[in-house]
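In: Sequence first, then the predicted structure:
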Amino acid sequence: MSIENYIRDIQDFPKPGIGFKDITPLLANPEATKECLDLLIKGLGDKKIDKVVGVESRGFFFGTLLAEKLKAGFVPVRKPNKLPFETISATYALEYGTDTLEIHTDAIQKGDKVLIHDDVLATGGTVKAVCELVERLGGEIVQCNFIMELAFLNGKDKIKQFEVYAPLKY
């Protein structure tokens, strides 16, 4: 089974000129979801993970599955004013504007081994901001993993100090 068959291309979303990679067909198919999860786990090897950080919102789907499979805690990173406790934030540029992300101040403990997960690595701005948040809290980033990488956008360059894994590359 190729999970690539379950990624749908949507042109001009969320604005003209953007080609969006839609994972909802992947999520709708339990076999494809399992295959994707297995690929993400395999890409980690035998690395020890204490926390999986999932990026709002598509990073939550596989982030929680990864955390359960790895017997690790799950930490959501969300847009402003969505988390109920004390937070720190980081603002970043993305391919179609700017945004801000927040994480609870008690979500990562000093020395926690952290896996960061999102669905797509595009320009790298989002994941760079998440890496900054994790490091500010004292976490050690073990890997940044994604379902897919849009390699032509060179997002990996913004996080080259970290191991990056994505089973699909475009």
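Out: Nice, I can see it.

In: Can you tell me the number of residues neighbouring residue 78?
Out: Using other CB atoms under 10 Å, residue 78 is surrounded by 19 other residues. (C-beta placed from N, C-alpha, C; glycine too.)

In: Show me what it bridges to in the sheet.
Out: Judged by DSSP bridges, the bridge partners of residue 78 are residue 102.

In: moving C-terminal of the longest helix along the chain, what's the next helix or strand?
Out: Longest helix in the chain by number of residues (criterion: DSSP state H): helix 30-44. Per DSSP states H and E, the first helix or strand lying C-terminal to helix 30-44 is strand 51-55.

In: average pLDDT for that next one?
Out: Here strand 51-55 scores 98 as its mean pLDDT.

In: Can I get it in PDB, CA atoms only?
Out: The C-alpha trace of strand 51-55 is given here as PDB (Å, rounded to 0.1, in the frame of the first residue of the first chain):
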ATOM      1  CA  LYS A  51       6.900  13.700  24.700                       C
ATOM      2  CA  VAL A  52       5.300  14.000  21.200                       C
ATOM      3  CA  VAL A  53       4.600  17.600  20.300                       C
ATOM      4  CA  GLY A  54       1.800  17.900  17.700                       C
ATOM      5  CA  VAL A  55       1.300  21.100  15.800                       C
END
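
In: In that strand, which residues are buried?
Out: Judged by neighbour count (16 or more other CB atoms under 10 Å), strand 51-55 contains these buried residues: 51, 52, 53, 54, 55.

In: Now tell me what touches it from outside.
Out: With contacts defined as CB atoms under 8 Å, 6 or more residues apart in numbering, strand 51-55 is touched by 59-64, 66-67, 70, 72-77, 101, 103, 107-108, 112-118, 126-127, 130, 134, 139.

In: elements contacting the helix or strand following that strand?
Out: Going down the chain from strand 51-55, the next helix or strand is helix 58-70, by DSSP H and E. Where contact means 3 or more CB pairs under 8 Å, 6 or more residues apart in numbering; DSSP states H and E, helix 58-70 is packed against helix 30-44, strand 51-55, strand 73-77, strand 113-121.

In: The third one relative to strand 51-55, how many degrees between them?
Out: Between strand 73-77 and strand 51-55, the angle comes out at 30 degrees (axes from the mean of the first three to the mean of the last three CA atoms, to 10 degrees).

In: Give the partner strands of strand 73-77 in its sheet and their orientations.
Out: Partners of strand 73-77 in its sheet, by DSSP bridges: strand 51-55 (parallel).

In: and residue 93, that one's in a strand?
Out: Yes. Looking at residue 93 with DSSP: H, G, I helix; E, B strand; the rest coil, it is inside a strand.

In: So it is in contact with residue 125, correct?
Out: Yes. Contact status for residue 93 versus residue 125: in contact at 4.7 Å, counting by CB atoms under 8 Å.
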